[in-house]
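# give me a model of this one.
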Amino acid sequence: MTSSGNDLTDRLRKRLETERREIEELTASELRRLGENSRRVARNALSIIERDTEEATGRMRELLAKAWQRPLIVGLSLWIGFFGGSWATMHWLAGSIQARIQTRAELGRDIEDARRTLAQLEVDTWGLVFHEIQGERFVVVPDGALDDPPWKVDDRPALKLSNE
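Next up is the predicted model:
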């Protein structure tokens, strides 16, 4: 059997066609496998990203939960401190004012008692007052008690007592 150039060309063409189909099928198969692997890797990456995002969101929620607690605690502490301090100060001031009011009332009664006593002494002593100036003693008498007083003490008539 002799082959001609056309036979050889046909056989080469068929063989090339077969090899080309095999290569295309192999390439398509590899591309499908590569696509499936890429989808699997993408799905894995996506699930890892979702998991990491959920974890980060959970941590962020915890941070946010703690973030508002600290200012709340500080604010409450300051409020309690201010309120407690103000209440204690007002309580102390009210007690202090009450004590001063009582003291003033007692002093007013004491002054009134002293005025009554002084008035009674003036009645009992007929308005005479003893006075000492530079070692000399005088009795100051009420105005009008002496017609021509020999001495005056604070522009009031006075009598000088002997030094003996």
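
# use CA for all of it now, contacts and neighbours both
Fine.

# low-confidence stretches in this protein?
Scanning the chain for pLDDT under 70 picks out the ranges 1-3, 163-164.

# how about the helices in it?
5-124 (DSSP state H).

# any idea how far residue 7 lies from residue 18?
If you measure residue 7 against residue 18 using C-alpha to C-alpha, to the nearest Å, the figure is 16 Å.

# could you do residue 75 as well?
Following C-alpha to C-alpha, the distance that separates residue 75 from residue 18 is 84 Å.

# one more: residue 82?
Applying C-alpha to C-alpha, the value for residue 82 to residue 18 is 94 Å.

# cool, residue 69 as well?
75 Å.

# before we move on, what about residue 109?
Taking C-alpha to C-alpha, one finds residue 109 at 134 Å from residue 18.

# burial of residue 152, as a residue count?
For residue 152, the neighbour count with other C-alpha atoms under 10 Å is 15.

# use 560 as the first number for this chain going forward.
Yep, numbering from 560; the last one is residue 711 now.

# neighbours of residue 696, how many?
16.

# ditto for residue 608
12.

# how is the protein carved up into domains?
564-683, 685-723 (automatic domain parsing).

# what number of residues lie near residue 697?
Residue 697 has 20 neighbours, counted by other C-alpha under 10 Å.

# oh sorry, the question was meant for residue 653
Residue 653: 12 neighbours (other C-alpha under 10 Å).

# now swap in residue 700 and tell me
By other C-alpha under 10 Å, neighbour count at residue 700 equals 21.

# can you check residue 660 too?
Around residue 660 there are 12 residues (other C-alpha under 10 Å).

# gap between it and residue 667?
Taken as C-alpha to C-alpha, the span from residue 660 to residue 667 is 10 Å.

# tell me how far the residue nearest the centre of the chain lies from residue 630.
Geometric centre of the chain, nearest residue: residue 637, 3.4 Å, by C-alpha atoms, centre = their mean. Counting by C-alpha to C-alpha, the gap between residue 637 and residue 630 amounts to 10 Å.

# again, but for residue 570
On the measure of C-alpha to C-alpha, residue 570 and residue 630 end up 88 Å apart.

# equivalent analysis for residue 577, please.
Using C-alpha to C-alpha, residue 577 is found at 78 Å from residue 630.

# could you do residue 636 as well?
Relative to residue 630, and taking C-alpha to C-alpha, residue 636 is found at 10 Å.

# now swap in residue 674 and tell me
Distance from residue 674 to residue 630, by C-alpha to C-alpha: 64 Å.

# identify the bridge partners of residue 689.
residue 698 (DSSP bridges).
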